[in-house]
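Student: sequence plus predicted model, see below.
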Amino acid sequence: MNITNLARCFGAVAISLALASCTTTQADFSKKPSAVSKAALCKTAIETKDSAFQFQLVSELNRRGINMLECEQMVAQQRQAAAALVAVALVGTAVAVCANNNCGGGYYPSSYYQGNCRYDWQYDAAGNRCGRRSAWSRPGGY
C-alpha cells in the first residue's frame, strides 16, 4: 500500500471519529451550557444512559427551542453523512489499490506463442497461410 492510499485510510478514519465524537461530557456541559453546540447537545441527549444528565440536556434544548424530534432527525442525518463519507473513502481507496496493482483483469491470450503463426495450417494477420513460417515448422519452435 503506498503513501496516498495510507493517507486516504487515515483521513477516512479521522473524519469518522470526528463525527462520532460530536458529544459533550457532563463536566463541559456544567461549565457553560450555552457554549455546547446544538449537535453535541442532541447527540449526547440521545445517547446518554444517565437520566439526570439527560434531563439537564433536554432542559437546555428546550431553553433553546429545540425539541427531541429535531434532535433525532439531525443525529440520523449526521450518521448517514458519516456512513456515506466512509463509504466514499473506502471505494476511493479500493479503486486506487486496484489501479496500482492491476486487479482489473484484462486480455489474456489463449495461446502461449506470441507470434502470428503457431501452426502451419493457420493464417497470419494479412490472411496468408502460415505454412513453413509457423513456429511448429521450425526446429524447437513450439
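Tutor: Okay, I see it.
Student: in which helix or strand does the spatially most central residue of the chain reside?
Tutor: What sits nearest the mean C-alpha location of the chain, by Cα atoms, centre = their mean, is residue 90, with 1.4 Å. Using DSSP states H and E, residue 90 sits in helix 68-101.
Student: ok, residue 23 next?
Tutor: Using DSSP H and E, no helix or strand contains residue 23.
Student: distance of residue 128 relative to residue 120?
Tutor: Here residue 128 is placed at a distance of 12 Å from residue 120 (Cβ to Cβ, to the nearest Å). No exception for glycine: its C-beta is placed from N, CA and C like everyone else's.
Student: more neighbours: which of these two?
Tutor: residue 120 (14 against 11; other Cβ atoms under 10 Å).
Student: doesn't that one lie inside a helix?
Tutor: No - read with DSSP: H, G, I helix; E, B strand; the rest coil, residue 120 is coil and lies in no helix.
Student: could you pull up phi and psi at it?
Tutor: phi -70, psi -20 (degrees, to the nearest 10).
Student: distance of the closest residue to it other than its chain neighbours from residue 126?
Tutor: Spatial nearest neighbour of residue 120, chain neighbours left out: residue 134 (4.4 Å); criterion: Cβ to Cβ, 6 or more residues apart in numbering. Residue 134 sits 14 Å away from residue 126, taking Cβ to Cβ as the criterion.
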